[in-house]
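*Asks:* what's the 3D shape of this:
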Amino acid sequence: MFAAMKSAMDDLANDIGDVSVGEPCYRIGQSTEVGRHIVATKKIEKGEVVFKDVPIVTGPSRESEPCCVACYKPIDLETARPDTQSDSQMETDSGPSPHILCPRCKWPLCSSECANSDTHKPECSYLFKSGCNINAADTDSLYDVITVLRCLYLKDNNLRAWADLLTLQEANPKELNPELADRAKKVTGLICGTFKLGEEFCKELVFDICTRLDVNSFEIPLGRTSATVQGIFTVACMVEHNCIPTGHRCFNSDMSITVRSAYGAEEGDAVSICYTDSLWPTAARRENLIYSKDFLCTCDRCQDETENETFMSAIRCIKCPGYFLAENPLDCEGKWTCNGCGTNAPPGYSEMAYSKVAGAIAKIEEEGLTPESCEKFIKSYSKVLHANHAHMLDVKFSLLNLLGHSEGFAMSQLSEAQLLLKDSLARTFLEIASKILPGISRLKGTALFELYLCMQQRGIRAFHSPILNLSPPEILAILKNAYEHLLECIECLQYEPSHQPEGLLCARARNEQMQMIMLMNTVQAKDAQI
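*Replies:* Down below sits the predicted model:
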């Protein structure tokens with residue numbers, strides 16, 4: 001009976017492999033609204049690769065914890081590696097490694113192999129030439145400099161990559177965020193002054209590269225390390241932003257990026273990705289974009305006070321059961337009005353509520369999230385926020401993952417009420433994903449897996465508990481439903497790289513398939529015996 005399921009499982013597994021891209025299915029368009037952008041040149045199916053792009057340059061991001069600038073493994077800046085320890089004797093655990101100093105520039109790295117790598121060569125050559133003394137304890141505050149030096153190195157060593165870099169969007173210095181402008185000035189001063197490269201690279205050029213990095217760089221999640229890395233891409237940097245993206249991006253183990261169509265596209269459609277967190281409310285997304293990318297988003301979602309009926313910004317009215325919504329979400333100082341009674345919110349009320357609740361979340365996170373603390377938060381702040389407010393979703397997502405995956409709350413240990421709660425939370429995120437991340441999405445795939453676990457647990461309990469008084473066909477129906485959610489989960493997560501959390505979750509889901517088939521066969525065999 002389940003041979004067809006097994007065959008489908010094998011076919012799906014065989015589809016995964018290294019991405020190969022044939023003839024391009026996109027062109028570079030130009031518009032006054034978004035500048036250069038990516039446009040489909042043919043009908044593109046859901047999940048089809050639009051393009052794969054490799055970074056022009058990578059480097060540690062300014063927020064990164066101390067890491068080796070060659071391989072990005074976390075390092076301990078306070079512990080030097082003994083001279084007697086060779087690279088082959090290094091521990092391979094995931095914790096920070098003792099550092100060595102590069103014999104030429106004295107920058108701390110994890111090994112002599114990394115000190116001699118091509119990745120470290122640009123900054124090493126400049127720092128060695130300058131004769132500057134680098135203090136290992138200060139290098140994490142100099143990460144801004146590394147990627148800029150690697151970009152400047154292209155000018156004389158890789159003309160094509162340098163030309164590609166200069167084609168990327170440049171920032172308008174007059175409209176640049178003051179904090180980013182100040183940071184760019186400090187980096188420019190370090191490179192042209194402290195590192196004595198002023199004669200080789202003028203201040204205007206260095207400042208321009210700094211701001212281009214801010215506008216165009218991507219944060220690349222590595223999976224294998226907790227360090228954060230930024231990268232500059234030739235094609236990927238031209239993909240326009242939209243808070244409801246048409247594209248789905250994945251960063252591969254070699255730091256390349258693959259962009260697929262999230263739900264299919266027609267010839268002439270623009271390909272977009274979301275530059276910020278899709279689960280943030282409108283004001284937070286727009287603030288992040290103006291800070292990090294130097295533009296204000298005016299997409300349909302940002303213009304809709306309900307955010308595609310998700311109500312992620314909605315705050316409960318102080319006079320009725322309705323909710324305050326921004327009359328004009330694009331006006332950060334505009335009025336907020338109740339959708340029930342029409343009352344205007346007090347000036348600054350939405351910002352005050354958002355800030356207060358953010359502080360409460362930070363406090364329970366600092367104390368350590370537990371199912372109890374999450375449920376208490378949700379109960380308390382449901383009096384202030386819409387059930388789908390971004391802050392509520394933040395805590396609900398934590399609760400969804402704590403139930404079934406934390407000590408004392410394994411799936412088999414959950415009470416019926418907790419199982420129902422987990423089920424409800426998973427369905428909430430499926431509904432949210434359908435409205436803001438239609439098609440392929442990590443959020444949808446993750447929620448589907450958690451929903452599968454709930455339904456699987458119900459089937460297992462029914463099979464082993466005569467008290468529930470369910471017949472084998474009824475139990476089989478529950479398990480089949482769970483299995484369908486599992487297949488849909490794999491369909492969503494099948495493109496995720498194996499080194500990323502969602503890729504690991506997909507691998508787990510594939511392992512669950514065979515177990516589910518065996519369980520369903522067992523139930524079917526019991527039915528045949530009756």
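*Asks:* Please name the nearest non-neighbouring residue to residue 274.
*Replies:* residue 245 (4.6 Å; Cβ to Cβ, 6 or more residues apart in numbering). Heads up, the C-betas are built off the backbone N, CA and C, glycines and all.
*Asks:* what residues are up against that neighbour?
*Replies:* 262, 272-274, 278, 437 (Cβ atoms under 8 Å, 6 or more residues apart in numbering).
*Asks:* same question, residue 264
*Replies:* Residue 264 neighbours (Cβ under 8 Å, 6+ apart): 43-46, 439.
*Asks:* ok so, going back, sort out for me which of the contacts of residue 245 are in helices.
*Replies:* Using DSSP state H, no member of the contacts of residue 245 sits in helices.
*Asks:* Tell me how many other residues crowd residue 456.
*Replies:* By the criterion of other Cβ atoms under 10 Å, residue 456 has 22 neighbours.
*Asks:* Work out for me the element it sits within.
*Replies:* helix 442-464 (DSSP states H and E).
*Asks:* right, and the helix or strand after that helix?
*Replies:* Next along the chain after helix 442-464, taking DSSP H and E as the criterion, comes helix 472-493.
*Asks:* Return the set of buried residues in that next one.
*Replies:* For helix 472-493, the neighbour count (16 or more other Cβ atoms under 10 Å) marks 472, 475-476, 478-483, 485-493 as buried.
*Asks:* what is the orientation angle of whatever helix or strand comes next after that helix with helix 442-464?
*Replies:* Sequence order places helix 501-529 as the next helix or strand after helix 472-493, per DSSP H and E. Put simply, helix 501-529 runs at 30 degrees to helix 442-464, going by axes from the mean of the first three to the mean of the last three Cα atoms, to 10 degrees.
*Asks:* Now do helix 501-529 against helix 472-493, angle only.
*Replies:* Using the same axes, to 10 degrees: helix 501-529 against helix 472-493 is 160 degrees.
*Asks:* what does the domain assignment say about the chain?
*Replies:* 29-81+94-275, 303-395, 403-530 (automatic domain parsing).
*Asks:* Tell me which of these lies nearest to residue 294.
*Replies:* Closest approach to residue 294 among those (Cβ to Cβ): domain 29-81+94-275, 5.1 Å.
*Asks:* Look at the closest one and report the distance between its end residues.
*Replies:* This stretch, domain 29-81+94-275, spans 19 Å end to end (Cα to Cα, to the nearest Å).
*Asks:* State whether residue 215 is indeed within a helix.
*Replies:* Yes - under DSSP: H, G, I helix; E, B strand; the rest coil, residue 215 falls within a helix.
*Asks:* residues in contact with it?
*Replies:* 168-171, 293-294.
*Asks:* can you pull the pLDDT of it?
*Replies:* The model reports residue 215 with a pLDDT of 88.
*Asks:* Check which helices and strands the helix holding residue 456 is in contact with.
*Replies:* Packing partners of helix 442-464 (3 or more Cβ pairs under 8 Å, 6 or more residues apart in numbering; DSSP states H and E): helix 390-402, helix 416-436, helix 472-493, helix 501-529.
*Asks:* pLDDT weak spots in this protein?
*Replies:* 1-22, 83-94, 527, 530 (pLDDT under 70).
*Asks:* Contact partners for residue 296?
*Replies:* Taking Cβ under 8 Å, 6+ apart as the test, what residue 296 contacts is 286, 289-290, 330.
*Asks:* on that earlier part again, list just the nearest of the contacts of residue 215 to residue 154.
*Replies:* Distances from residue 154 to the contacts of residue 215, taken by Cβ to Cβ, are shortest for residue 168, at 12.4 Å.
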